[in-house]
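> dropping the sequence and predicted coords here.
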Amino acid sequence: MHRSMLSREAGSRSRLAALATSAALVAGAGGLVVASAPAASAAPVEEDYDYTCAVDAAGLSLGDHIVGVNAKVVVPDAVAPNQVVPPRKTQITLTLPETLRNATYVLLSGRTAGGYSDDAAVRLTDSGSVDKTIPIKNLSSPPVPVPASPGASWVIPTEGDVPAIRIPASATGTGTLSMPAQFTVKATVYTANGEPVGGPDKVVMDCSFGGDATLATMPITGAAYVDAALSGSGKVVYGKPGRINARINKAVGGRIDAYYGSRKIGSAPVKGTAAAIALKARSLAPGKRAVTLKHVGGQANLNPVANKRVTVTVVKGSSALAAKVAPKKIKRNKTKAKAVVVVKANGSKAGVVTAKLGKKTIGKARVKGSKATLKLKKFKKAGKAKITFVYSGNKYFKGSKKTVKVKIRR
């Protein structure tokens with residue numbers, strides 16, 4: 001269907017970027033509707049609109065021009081109160097008239113042009129009092145060539161971001177999505193040598209539409225959508241299985257997945273409003289770790305649940321030592337004894353083992369694999385001695401000690 005536009009008195013501004021604005025606006029509207037229902041229960045809608053745009057190029061009025069906007073969208077069978085439509089990119093094709101092509105190419109010596117709109121918005125109304133304006137963000141067109149030949153088609157692709165849109169909880173009856181009544185485009189037209197005509201954003205287009213701006217209609221029906229939020233925490237000992245206690249504030253079912261960066265580290269079904277997510281030993285290194293919780297599935301009328309970043313505290317694991325001194329018969333000032341110390345830990349055993357006789361260090365060695373072999377200094381006194389082996393620990397495990405009794409002979 002084609003909807004023509006009421007002409008408006010000319011006065012100011014530019015062109016192709018303006019087109020991009022209206023097109024992307026349309027696409028934004030479509031994007032909103034598409035996201036709210038699966039394709040299986042949706043129908044395609046296509047409409048054409050003629051906007052009257054007054055163009056001003058750096059103070060030079062180029063008059064009014066009719067700009068065509070073709071919008072293609074997929075409309076769901078219905079939407080529900082409080083339903084959130086996810087954000088999405090929107091694209092649409094614009095066709096600029098010969099009058100504007102000629103003015104741009106001949107009068108302005110423009111060879112490429114691009115622009116943006118920062119005031120474009122679509123409108124959502126219902127059978128009651130809902131009247132919601134939805135801004136389209138980042139609506140722009142990159143520089144594209146201006147056709148040199150008279151009558152050549154000047155087609156401009158546009159793209160913008162449609163933000164997440166919530167259908168008001170009070171919405172009833174029939175929802176109507178409409179094209180913007182007006183918008184402004186700020187464009188930059190470049191000459192053959194790359195110079196902007198009048199400077200950046202100096203070609204401005206004021207566009208308006210006075211006809212039936214309806215793009216699509218849909219019934220608003222069914223149970224209102226539910227909002228839910230995640231939370232959680234966890235304290236884990238490195239080297240041992242652990243758990244994240246995840247929670248959701250509504251009993252909506254589904255499951256909760258836990259991610260560390262892009263790595264999935266656990267998952268659990270929601271029972272009531274809780275999910276106990278089991279973690280394997282060594283899933284996370286010691287420290288305060290930012291873990292992202294993601295809700296998956298759940299009841300049909302549940303709005304997308306925002307991911308939640310929670311802190312999981314991972315403390316260092318414990319270690320233990322086993323030590324043996326050889327030979328069994330040690331003579332004072334004569335025997336060069338050795339000690340073999342085995343580090344027990346569920347993970348990396350890197351570190352240093354130090355042998356102490358009282359406050360005196362009598363040996364030191366680095367752990368290789370899980371063992372450290374220490375050459376001990378000669379003992380100067382006969383009798384019973386207590387050697388304390390001290391493991392330094394590492395970034396994963398705490399240090400530990402082991403005392404061994406030896407007898408020193410004369």
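Perfect, thanks for sending it.

> what helix or strand is residue 99 on?
Using DSSP states H and E, residue 99 sits in helix 98-102.

> which strands and helices sit next to whichever helix or strand comes after that helix?
Downstream of helix 98-102, the next assigned helix or strand under DSSP H and E is strand 112-117. Contact analysis of strand 112-117 by 3 or more Cβ pairs under 8 Å, 6 or more residues apart in numbering; DSSP states H and E lists helix 16-35, strand 137-145, strand 182-190, strand 203-208 as its packing neighbours. C-beta here means a position set from N, CA and C on the backbone, and glycine is covered the same way.

> quick one: average pLDDT of the longest one?
Averaging pLDDT along helix 16-35 yields 34.

> continuing past that helix, what's the next helix or strand?
Heading C-terminal from helix 16-35, the first helix or strand you meet, by DSSP H and E, is strand 42-57.

> what packs against the next helix or strand after that following strand?
Downstream of strand 42-57, the first helix or strand assigned by DSSP H and E is strand 60-76. Packing partners of strand 60-76 (3+ Cβ pairs under 8 Å, 6+ apart): helix 16-35, strand 42-57, strand 88-96, helix 98-102, strand 214-219.

> can you give the strand pairings for strand 60-76, parallel or anti for each?
strand 42-57 (antiparallel), strand 88-96 (antiparallel) (DSSP bridges).

> where does the chain have low pLDDT?
Scanning the chain for pLDDT under 70 picks out the ranges 1-43, 74.

> would you format the strands paired with strand 60-76 as TSV with distance to residue 111 and mean neighbour count included?
Output for the strands paired with strand 60-76, formatted as TSV (distance: least, Cβ to Cβ, whole Å; neighbours: other Cβ atoms under 10 Å):
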stretch	distance to residue 111	mean neighbour count
strand 42-57	14	21
strand 88-96	15	20
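
> including distance to residue 192, could these go into CSV?
Output for the strands paired with strand 60-76, formatted as CSV (distance: least, Cβ to Cβ, whole Å):
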stretch, distance to residue 192
strand 42-57, 17
strand 88-96, 19
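
> out of the ones you listed, flag the one nearest residue 290.
Comparing the strands paired with strand 60-76 against residue 290 with Cβ to Cβ, the closest turns out to be strand 88-96 (27.4 Å).

> quick check: can you list the domain ranges of this protein?
2-219, 230-315, 320-409 (automatic domain parsing).

> ranking those by burial, who's on top?
Neighbour counts (mean count of other Cβ atoms under 10 Å) averaged over each of those peak at domain 2-219, with a mean of 20.

> returning to what we had before: of the strands paired with strand 60-76, which is nearest residue 207?
Distance to residue 207, taken as Cβ to Cβ, is lowest for strand 42-57 among the strands paired with strand 60-76, at 4.1 Å.

> and the angle from the closest one to strand 203-208?
Using axes from the mean of the first three to the mean of the last three Cα atoms, to 10 degrees, the direction of strand 42-57 lies 130 degrees away from that of strand 203-208.

> show the contacting residues for the spatially most central residue of the chain.
Closest to where the C-alpha atoms of the chain average out (Cα atoms, centre = their mean) is residue 307, at 9.2 Å. Shown in contact with residue 307 (Cβ atoms under 8 Å, 6 or more residues apart in numbering): 230, 292, 293, 294.
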